[in-house]
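Engineer: sequence and predicted structure are below.
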Amino acid sequence: MNEQEKMISSIEEGEFKLKNALCEAEKRLKQGYEQATKLASDIDKKTHENPWPVVVGMGVSCLLLGLLIGKSKN
């Protein structure tokens with residue numbers, strides 16, 4: 001096997017590994033998208049069933065943020 005054949009073999013092996021990695025990344029991206037969609041759907045459903053914990057949580061968060069911003073100006 002000469003030097004040129006070794007280089008071609010190495011390039012082909014790298015290409016094969018790259019294609020496998022790309023395929024695996026696409027699978028994981030799809031799984032992540034499906035999980036995020038399911039989570040968002042569950043949150044939406046629970047929020048429509050009982051919105052008050054979300055409203056109170058946002059109110060408290062905004063109050064604390066306002067206090068922190070107000071103290072930083074003094």
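Structural biologist: That came in fine, so what should we check first?

Engineer: may I ask which helix or strand encompasses the most centrally placed residue in the chain?
Structural biologist: Nearest to the geometric centre of the chain sits Gly32, at 6.6 Å (C-alpha atoms, centre = their mean). Counting by DSSP states H and E, the element that carries Gly32 is helix 3-49.

Engineer: so Asn50 versus Cys62, what's the distance?
Structural biologist: Computed as C-beta to C-beta, to the nearest Å, the Asn50 to Cys62 distance reads 20 Å. All C-beta atoms are positioned from the backbone trio N, CA, C, and that covers glycine.

Engineer: low-confidence stretches in this structure?
Structural biologist: 74 (pLDDT under 70).

Engineer: circling back to that earlier point, alpha carbons only: can I get the helix or strand that the helix holding Gly32 is followed by in CSV?
Structural biologist: Using DSSP H and E, the helix or strand that follows helix 3-49 in sequence is helix 52-73. Taking Å, rounded to 0.1, in the frame of the first residue of the first chain, the C-alpha atoms of helix 52-73 are listed here in CSV:
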residue,chain,number,x,y,z
TRP,A,52,-52.9,30.9,40.0
PRO,A,53,-49.5,29.4,40.9
VAL,A,54,-48.0,30.8,37.7
VAL,A,55,-49.6,34.2,38.3
VAL,A,56,-48.4,34.4,41.9
GLY,A,57,-44.9,33.1,40.9
MET,A,58,-44.5,35.7,38.2
GLY,A,59,-45.7,38.4,40.6
VAL,A,60,-43.2,37.4,43.3
SER,A,61,-40.4,37.2,40.7
CYS,A,62,-41.2,40.6,39.4
LEU,A,63,-41.3,42.1,42.9
LEU,A,64,-37.9,40.6,43.8
LEU,A,65,-36.4,41.7,40.6
GLY,A,66,-37.7,45.3,41.2
LEU,A,67,-36.3,45.2,44.7
LEU,A,68,-32.9,44.1,43.4
ILE,A,69,-32.8,46.8,40.7
GLY,A,70,-33.9,49.4,43.1
LYS,A,71,-31.2,48.6,45.6
SER,A,72,-28.5,48.6,42.9
LYS,A,73,-29.3,52.2,42.1
